[in-house]
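Colleague: sequence unknown, structure follows:
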């Protein structure tokens, strides 16, 4: 319990630094936001008025804490390009990216754990074939898989129409049916990595003394594997899977572009092109908070699984 | 080390081929990679054009060669930059420890909370698009991961006897750090560099694919992939050959990294 509180404190501290770094980065941008909004032929009075309206005339730290307090309350500022609250722009898109992340994560877990166990348990040619396939799969970038999937399932087999995404609010299952392809593209290399990790984890555990003890007590191989070994071998994989959840969200920037999905990644990308900094800042900070939060949860789960970690 | 290490063997073979193509691509390509030829549009792979031609009748193999050169060079510069800064930061914090170490590692934790591609996107949105900004952005984005590895190695070596005796003999801190400790950490740092190279290839390809990295007239593999996607139905070989080259590049280096790590044991 004490440990959890300490970790929670660390998480909040990291989030504070993260938000500060993001704020700092978007404050030192060359160029004044008033230029972006008003154009180059604004009068000095107009510029001065807008600076006051945006609060740019106040000291740096005042602005930082002001921004942070608003951010925590869900007020992410106003978009330069669309003059609407950033939170309104995010509302529909957050769900799409989250759904994509959940789908690819589910795929990763559902496929990699059985395959990893199979690979370690069976050995022989099957293990070899899986290892080679995995090694190659790992090298295929998700956006290339995405292109191949759109070509195969979109243009040849017509299982889905690339570019015609339906929002989850309109037709949830239609949305899932579309997102399953990008989710596969993201999940494939992740599956390969998790399988590799789980396999080497299991093989490493199988060599330990407690396995021999369990053997000599008359347990069969399956019982040892499922009752003893798996519990220990899964610990490093959990941490890795947590990183996956974080990476999926970052990877969505590219994959949403491939499949023309209107999610957070696409919003981030178009805002970067438009130099719409309040939106970029909000999305980046949200994604970073997401990563920190996921790592914290993974830490907690790991401690449930491995009591030794609680002592440190 | 090479003997019996299948990963290292295959990895070296693939990397060797790709490296030769990359170096060759700097000076010579079978055709001019940007010469258009309306008589030879959308030609399927043949002896004349082994990877076929694209929508402008440009030779895809020549473009791929040029693309490998660009991607390779950018990744190399990125890794060199990230590693140089990462080694210095990691060495200082790991060797001296103390409050500076604590603060820098907290900041490092915070920076790693931004996945590297996001970090690169942020930098590019601040610096502007283009080849050199990609190198700078990715280089900076990779510093924390190198710094972390180097730091833990230096912290481990700091209390070892050979370092203590060097100190007793009056060696300066700088000499101990870079002449004594650094060479001893190569077994850990080398695979990290190779894996970093892979991440750089992937990141560069992603950024160029998004259209904010390398842009025409420069040719990079990621840029070619986004270009070829529009002609997927009429010239599938363009997409496939470009994508397969990226896969080969990454596969070669990941096997190499794997082999180096195994060779250590």
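Modeller: Now that the structure is in, tell me what you want to look at. Since the model is a prediction, treat every value here as computed from it, not as a measurement.
Colleague: What segments of chain A are helices?
Modeller: All helices of chain A, identified by DSSP state H, fall at A:2-27, A:33-38, A:44-54, A:60-72, A:86-122, A:124-138, A:142-149, A:172-206, A:209-216, A:221-223, A:230-258, A:264-274, A:277-305.
Colleague: now the stretch 151-265 of chain B
Modeller: Applying DSSP state H, counting those that start in this stretch to the stretch 151-265 of chain B gives helices spanning B:161-168, B:173-175, B:182-184, B:186-210, B:221-229, B:236-264.
Colleague: how about the residues of chain B near chain A?
Modeller: Proximity of chain B to chain A (C-beta under 8 Å from any C-beta of the partner chain) is limited to residues B:106-107, B:109-111, B:113-115, B:117-118, B:121-122, B:124-126, B:202, B:205-206, B:209-210, B:212, B:225, B:229, B:232-233, B:236, B:239, B:243, B:246-248, B:250-251, B:254-255, B:258. Heads up, the C-betas are built off the backbone N, CA and C, glycines and all.
Colleague: Provide a ChimeraX selection command restricted to the buried entries of those residues.
Modeller: This is how ChimeraX selects the buried members of these, with burial counted by 16 or more other C-beta atoms under 10 Å in any protein chain shown:
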select /B:107,109,110,111,113,114,115,117,118,121,122,124,125,126,202,205,206,209,210,212,225,229,232,236,239,243,246,247,248,250,251,254,255,258
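Colleague: Pull the contacting residues for the residue lying closest to residue B:194 once chain neighbours are set aside.
Modeller: Distance criterion C-beta to C-beta, 6 or more residues apart in numbering or on different chains; nearest residue to residue B:194, sequence neighbours excluded, is residue B:257 at 3.8 Å. For residue B:257, the contacting residues are B:11, B:191, B:194-195, B:198, by C-beta atoms under 8 Å, 6 or more residues apart in numbering or on different chains.
Colleague: Going by distance to chain A, which of those residues wins?
Modeller: Set against chain A, the nearest of the contacts of residue B:257 by C-beta to the nearest C-beta is residue B:198 (8.2 Å).
Colleague: Quick check: the residue nearest to the closest one when sequence neighbours are not counted vs residue B:148, distance?
Modeller: Among residues not flanking residue B:198 along the chain, residue B:253 sits closest, at 4.8 Å (C-beta to C-beta, 6+ apart). Separation of residue B:253 from residue B:148 (C-beta to C-beta, to the nearest Å): 20 Å.
Colleague: out of those two, which sits in the more crowded spot?
Modeller: More neighbours surround residue B:253 than the other of residue B:253 and residue B:148, with 25 against 20 (other C-beta atoms under 10 Å in any protein chain shown).
Colleague: Pretty sure the more buried one sits against residue B:196.
Modeller: No - with contact defined as C-beta atoms under 8 Å, residue B:253 does not count as touching residue B:196 (9.6 Å).
Colleague: So for residue B:79, what pLDDT did the model give?
Modeller: What the model reports as pLDDT for residue B:79 is 93.
Colleague: typo on my end, residue A:9
Modeller: For residue A:9, the model assigns a pLDDT of 86.
Colleague: Just give the number of residues close to it.
Modeller: 10.
Colleague: quick one: it and residue A:2, what's the gap?
Modeller: 11 Å.
Colleague: Point me to the residue of the stretch 1-150 of chain B nearest chain A.
Modeller: residue B:115 (3.4 Å).
Colleague: residues touching that residue, list them.
Modeller: Counted by C-beta under 8 Å, 6+ apart, residue B:115 has contacts A:246-247, A:249-251, A:287, A:291.
Colleague: how about a cut-off of 10 Å?
Modeller: A:243, A:246-251, A:253, A:287-288, A:291, B:121, B:141, B:203 (C-beta atoms under 10 Å, 6 or more residues apart in numbering or on different chains).
Colleague: How about the single nearest residue of the stretch 151-300 of chain A relative to chain B: what's its closest non-neighbour residue?
Modeller: Chain B sits closest to residue A:250 of the stretch 151-300 of chain A, with a gap of 3.4 Å, by C-beta to the nearest C-beta. Distances taken as C-beta to C-beta, 6+ apart put residue B:115 closest to residue A:250, at 3.4 Å, once the chain neighbours are dropped.
Colleague: Going by distance to residue B:60, which of the contacts of residue B:257 wins?
Modeller: residue B:198 (23.9 Å; C-beta to C-beta).
Colleague: number of nearby residues for the closest one?
Modeller: 21.
Colleague: of all the residues in the stretch 201-312 of chain A, which ones are close to chain B?
Modeller: Proximity of the stretch 201-312 of chain A to chain B is confined to A:243, A:246-251, A:253-255, A:257-258, A:265, A:268-269, A:271-277, A:280-281, A:283-285, A:287-295 under the rule C-beta under 10 Å from any C-beta of the partner chain.
Colleague: Using neighbour counts, trim these to the buried set.
Modeller: With burial judged by 16+ other C-beta under 10 Å, the buried subset of these is A:243, A:246-251, A:253-255, A:257-258, A:265, A:268-269, A:271-272, A:274-277, A:280-281, A:283-285, A:287-295.
Colleague: ok, now which ones touch the closest residue to residue A:166 other than its chain neighbours?
Modeller: Nearest residue to residue A:166 in three dimensions, chain neighbours excluded: residue A:174, at 4.5 Å (C-beta to C-beta, 6+ apart). Residues counted as contacts of residue A:174 (C-beta under 10 Å, 6+ apart) are A:160, A:164-168.
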